[in-house]
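J.: Starting from these lines, generate the structure:
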Amino acid sequence: MWNNCLDVVLLDFKMLGMDGMEAPKEIRKIASDIDVVIISAYGTIERAFEAMGAGAFYYIIKPVDLDRLLILLDRILQIKLEGEKKVA
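T.: Numbers count the residues shown, from 1 in each chain. From the prediction side, this is the model:
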């Protein structure tokens, strides 16, 4: 269901009920082809590696540079389109 309507999920690291380490794992259980980008004001290299190890595609530190975010989203979608072309 989800994988038919979502390509990317942007989420903050700190959320109610779940954190940025749990969320990518839960999202991947629902649809393994959805990429997760975590955004956080509490960024460290260690936390970024941990988040990516948990299934996040990328980790962005606040304040978010909108131009860089748009480039990242374009890159993610290009990778998805290339993967679809290979399968077809």
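
J.: Next, the buried residues of the helix or strand hosting Ile79.
T.: Here Ile79 sits within helix 66-87, counting by DSSP states H and E. By 16 or more other C-beta atoms under 10 Å, the buried positions in helix 66-87 come out as Leu72, Leu73, Ile76. C-beta coordinates here come from the backbone N, C-alpha and C atoms, glycine included.

J.: okay if I get those residues as JSON lines plus distance to Pro63 and pLDDT?
T.: Shown next, in JSON lines, are those (distance: C-beta to C-beta, whole Å; pLDDT from 0 to 100):
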{"residue": "Leu72", "distance to Pro63": "15", "pLDDT": "94"}
{"residue": "Leu73", "distance to Pro63": "17", "pLDDT": "94"}
{"residue": "Ile76", "distance to Pro63": "21", "pLDDT": "92"}
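
J.: Next, format the residues you listed as TSV and append distance to Val9.
T.: Formatted as TSV, the buried residues of helix 66-87 follow (distance: C-beta to C-beta, whole Å):
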residue	distance to Val9
Leu72	13
Leu73	11
Ile76	11
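
J.: What is the neighbour count of Ala51?
T.: Burial of Ala51 is recorded as 24 neighbouring residues (other C-beta atoms under 10 Å).

J.: My understanding was that it contacts Glu22; is that so?
T.: No. Here Ala51 lies out of contact with Glu22, judged by C-beta atoms under 8 Å, at a distance of 10.4 Å.

J.: so how far is the helix holding Ile79 from its chain's centroid?
T.: 12 Å (C-alpha atoms, centre = their mean, to the nearest Å).

J.: can you give me how far stretch 26-40 is from the chain middle?
T.: With C-alpha atoms, centre = their mean, you get 6 Å for stretch 26-40.

J.: Can I get that stretch in CSV? Just the C-alpha atoms.
T.: The C-alpha trace of stretch 26-40 is given here as CSV (Å, rounded to 0.1, in the frame of the first residue of the first chain):
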residue,chain,number,x,y,z
GLU,A,26,9.5,0.5,11.0
ILE,A,27,9.1,2.2,7.7
ARG,A,28,11.2,-0.5,6.0
LYS,A,29,9.0,-3.2,7.5
ILE,A,30,6.0,-1.5,5.8
ALA,A,31,7.7,-0.8,2.5
SER,A,32,11.4,-1.6,1.9
ASP,A,33,11.6,0.7,-1.1
ILE,A,34,10.8,3.9,0.7
ASP,A,35,13.9,6.0,1.4
VAL,A,36,14.1,7.8,4.8
VAL,A,37,15.9,11.1,5.3
ILE,A,38,16.4,12.1,8.9
ILE,A,39,16.6,15.8,9.8
SER,A,40,18.1,16.7,13.2
